[in-house]
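Colleague: Please work out how this folds:
(2 chains)
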2 protein chains.
Amino acid sequence: MRPLRVGRIGFANCTPLYLALEEAGLPGVEYVEGVPAELNRMLREGRVDLAPSSSAEYLARPGLYGFLPDLSISSIGPVASVLLFSRHALEDLDGRTVGLTPASATSVWLVRVLLERRLGLTPRYAGPGDGCDAVLWIGDRALREARAGAWPRVYDLGALWHEATGTPFVFALWICRREAFEADPQGVRRVYRALVEARQRAYRTYPQLARRAPEAAWMGEPELLAYWQTISYDLTAWHREGLRRFAAEAAALGLIDAVPPLAPLPVEEV
Amino acid sequence: MRPLRVGRIGFANCTPLYLALEEAGLPGVEYVEGVPAELNRMLREGRVDLAPSSSAEYLARPGLYGFLPDLSISSIGPVASVLLFSRHALEDLDGRTVGLTPASATSVWLVRVLLERRLGLTPRYAGPGDGCDAVLWIGDRALREARAGAWPRVYDLGALWHEATGTPFVFALWICRREAFEADPQGVRRVYRALVEARQRAYRTYPQLARRAPEAAWMGEPELLAYWQTISYDLTAWHREGLRRFAAEAAALGLIDAVPPLAPLPVEEV
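Modeller: A predicted model of the protein is given here:
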């Protein structure tokens, strides 16, 4: 049996889980590094079997993929690393230029849901260049921009979503190619269980993990710990409710045809 | 609408969750204190609506109850507070007297599964008196007995289960009377969401919670933290697999008629 190829994201929000996985060891797995948009593409092309990848990628191609139960990268309220930096109040972005990072699909959809569906605005979208009235950044770039403090207004998209809906926002799912699950269900099961265990270990050992995390060098340990407090690795019924609402909003914007089924892969042995 | 009556267990394994709930506040809720066996009875009699109560209580009366998704009191391996103290090796308990605490239903079933089903023994069972060859203690009493060190052998039932099955063991579910859910689904939903948030807060703030926990006085803060590391508050697909296996073992012993459905209450608003 060839090893499962598991995507690995170098963002600070994933570090605790990967550090804990490393500690435990995970046999029969080969890691493939990338930023979220790269991992999306590699998943789509079959160069990666399983990765913590954009919710939008799953919603757009549910026939190609399944996802692991119980696991996600989410926030229940502020997320700190998915930020819209703006020269104007949100309400005043109508007709103005909003720059969108190419690193993320889900966050781009979320900006559109919040501006177009929630506020009824019609901004112009562009790449994140100098002439923008507002710019969306995610991940470590967002954390660094926030620290630099060059923008008069900073909107946390996790917080805006939670205020609007009362639900968590699911940024990433553990997406698995259906053919990879069918070829090796036991292997995928092993990864799923190792992730549940790694999550438990990570939650209990944040202070120790912060000492070993590469991001501590530029963020500082207390700031890194505070950041990790905002991340939820869970995928509860409440999270799925948020994901379903997001899918319905994306369908209303024409980004997807319909809300796909949100049933996870059957990793339970019965 | 009358307040929901939510059970509250004073065991050290529940303290982080209740401390975090207290911090957040939970409107429309009235707490009722008790040890697990008392809360089982109050749930059964309708004096409590919702409580973190014995899995065995749910398995025995699935028509009366539902349970909240995503939440449990479990261990993935050693649990530290459900212990069989013995003068003999497990294998040598055939025909000998095993004393069973009246405080728990689930752990009593688990001892029987491990001794009778797993090892094929036929011990005699009694209350936890002086003449016992082995005694089952749970909760803070088990923690205290283990510290006293008076027994030559101590078996951790969470560890034995995990070795035997490769799955977590679910000691308690958040059990809700069906009639209470039907009367006030929104109230139950609010408690469910508050618990998901409290769990996230608890996982992130164990060191601060240990300083405020009453058990730190007799356990010591580092020991309390180490103990909390073993508790899983999750109910993942992997946990449900363990619960289903336990139900099948209980049915084989004649403790229940059949494995009941393990679908949680529909707390998602769709």
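Colleague: any chance you could read off phi and psi for the residue nearest to A:Arg118 when sequence neighbours are not counted?
Modeller: In space, A:Arg118 comes closest to A:Ala164 once its chain neighbours are excluded; the distance is 5.8 Å by CB to CB, 6 or more residues apart in numbering or on different chains. To be clear about C-beta, it is placed using only N, CA and C from the backbone, and glycine gets the same treatment. For A:Ala164, the backbone dihedrals are phi -80, psi -30 (criterion: degrees, to the nearest 10).
Colleague: mind checking pLDDT for A:Ala164?
Modeller: Residue-level confidence at A:Ala164 comes out at 96, pLDDT.
Colleague: With the one 10 residues further on instead?
Modeller: Per-residue pLDDT puts A:Trp174 at 97.
Colleague: From A:Leu243, how far off is the residue nearest to A:Arg118?
Modeller: Here the distance between A:Ala164 and A:Leu243 works out to 14 Å (CB to CB, to the nearest Å).
Colleague: which one of the two has more residues nearby?
Modeller: A:Leu243 (24 against 16; other CB atoms under 10 Å in any protein chain shown).
Colleague: Would you tell me which helix is longest in chain A?
Modeller: Of all segments of type helix in chain A, defined using DSSP state H, the longest is helix A:185-204.
Colleague: Give the next helix or strand downstream of it.
Modeller: The helix or strand immediately downstream of helix A:185-204 is helix A:206-212, counting by DSSP states H and E.
Colleague: Would you mark the buried spots in the host helix or strand of A:Ala146?
Modeller: In this assignment (DSSP H and E), A:Ala146 forms part of helix A:139-148. The neighbour-count criterion (16 or more other CB atoms under 10 Å in any protein chain shown) identifies A:139-143, A:145-146 as the buried residues of helix A:139-148.
Colleague: and the next element down the chain from it?
Modeller: Taking DSSP H and E, what comes next after helix A:139-148 is strand A:153-156.
Colleague: Any part of the longest helix of chain A near chain B?
Modeller: Yes - where contact is defined by CB under 8 Å from any CB of the partner chain, part of helix A:185-204 touches chain B, namely A:192-193, A:196-197, A:200, A:203-204.
Colleague: List the strands paired with the longest strand along chain A, with their directions.
Modeller: Of all segments of type strand in chain A, defined using DSSP state E, the longest is strand A:65-75. For strand A:65-75, the pairing partners within the sheet under DSSP bridges are strand A:169-177 (antiparallel), strand A:231-235 (antiparallel).
Colleague: Burial-wise, tell me which of these comes out on top.
Modeller: Between the strands paired with strand A:65-75, the one whose residues have the most neighbours on average, counting mean count of other CB atoms under 10 Å in any protein chain shown, is strand A:169-177 (a mean of 27).
Colleague: Show me what counts as buried in whichever helix or strand comes after that one.
Modeller: Following the chain from strand A:169-177 toward its C-terminal end, the next helix or strand by DSSP H and E is helix A:178-183. Of the residues in helix A:178-183, those buried under the neighbour-count criterion (16+ other CB under 10 Å) are A:180-181.
Colleague: Mind giving me the packing neighbours of helix A:178-183?
Modeller: strand A:65-75 (3 or more CB pairs under 8 Å, 6 or more residues apart in numbering or on different chains; DSSP states H and E).
Colleague: what about the strand it packs on, average pLDDT?
Modeller: For strand A:65-75, the mean pLDDT works out to 97.
Colleague: just the CA coordinates of it, formatted as CSV?
Modeller: As requested, C-alpha coordinates have been extracted for strand A:65-75 and formatted as CSV (Å, rounded to 0.1, in the frame of the first residue of the first chain):
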residue,chain,number,x,y,z
TYR,A,65,-14.3,14.8,-2.0
GLY,A,66,-15.4,13.7,1.4
PHE,A,67,-14.3,15.2,4.7
LEU,A,68,-13.3,13.8,8.1
PRO,A,69,-15.8,14.1,10.9
ASP,A,70,-15.3,16.1,14.1
LEU,A,71,-12.3,18.1,12.7
SER,A,72,-12.0,21.5,11.2
ILE,A,73,-10.2,24.8,11.4
SER,A,74,-12.8,27.2,12.7
SER,A,75,-13.5,30.1,15.0
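Colleague: any idea which helix or strand comes after that strand?
Modeller: Moving toward the C-terminus from strand A:65-75, the next element (DSSP H and E) is strand A:82-86.
Colleague: Kindly calculate the angle that that following strand makes with helix A:139-148.
Modeller: 40 degrees (axes from the mean of the first three to the mean of the last three CA atoms, to 10 degrees).
Colleague: strand partners of the helix or strand just after strand A:82-86, parallel vs antiparallel please.
Modeller: As assigned by DSSP H and E, the chain's next helix or strand after strand A:82-86 is strand A:97-100. Taking DSSP bridges as the criterion, strand A:97-100 forms sheet pairs with strand A:124-126 (parallel), strand A:134-138 (parallel).
Colleague: got a list of contacts for the longest one?
Modeller: Right, strand A:134-138. For strand A:134-138, contacts defined as CB atoms under 8 Å, 6 or more residues apart in numbering or on different chains pick out A:36, A:81-88, A:93, A:96-101, A:103-104, A:107-108, A:111, A:123, A:128, A:145, A:151, A:157.
Colleague: go on, the first one?
Modeller: Outside of strand A:124-126, the residues that reach it under the criterion CB under 8 Å, 6+ apart are A:95-100, A:112, A:132.
Colleague: one more time with 7 Å, if that's ok
Modeller: Under the contact criterion CB atoms under 7 Å, 6 or more residues apart in numbering or on different chains, strand A:124-126 has outside partners A:96-100, A:132.
Colleague: In PyMOL, how would I select the buried members of those?
Modeller: Buried members of these can be picked out in PyMOL with the line below, counting by 16+ other CB under 10 Å:
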select buried, chain A and resi 96+98+99+100+132
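Colleague: for the contacts of strand A:124-126, which one is nearest A:Cys14?
Modeller: Within these, distances to A:Cys14 taken as CB to CB reach their minimum at A:Leu100, with 21.8 Å.
Colleague: What residues are bridge-paired with the closest one?
Modeller: The residues paired with A:Leu100 through beta bridges, assigned by DSSP bridges, are A:Leu136.
Colleague: per-residue confidence at it?
Modeller: 95.
Colleague: Close to chain B: what parts of chain A are there?
Modeller: Counting by CB under 7 Å from any CB of the partner chain, the residues of chain A close to chain B are A:69-70, A:76, A:193, A:196-197, A:200, A:203-204, A:206, A:229, A:232, A:236-238, A:240-241, A:244, A:267-270.
Colleague: Mind doing that once more with 6 Å?
Modeller: Neighbours of chain B within chain A, by CB under 6 Å from any CB of the partner chain: A:69-70, A:193, A:196, A:200, A:203-204, A:229, A:232, A:236-238, A:241, A:267-268.
Colleague: measure the closest residue to A:Pro52 other than its chain neighbours to chain B for me?
Modeller: Counting by CB to CB, 6+ apart, A:Ala172 is the residue found nearest to A:Pro52 once chain neighbours are left out, at 4.8 Å. When CB to the nearest CB, to the nearest Å is applied, the distance between A:Ala172 and chain B equals 17 Å.
Colleague: Run through the bridge partners of A:Ala172.
Modeller: Here A:Ala172 sits in beta bridges with A:Ser54, A:Ile73, going by DSSP bridges.
Colleague: got a list of what it touches?
Modeller: A:52-54, A:73 (CB atoms under 6 Å, 6 or more residues apart in numbering or on different chains).
Colleague: ok, now with 8 Å
Modeller: With contact set as CB under 8 Å, 6+ apart, A:Ala172 has these partners: A:36, A:52-55, A:72-74, A:106.
Colleague: now do A:Phe85
Modeller: Residues in contact with A:Phe85, defined by CB under 8 Å, 6+ apart, are A:134-137, A:145, A:150-151, A:153-154.
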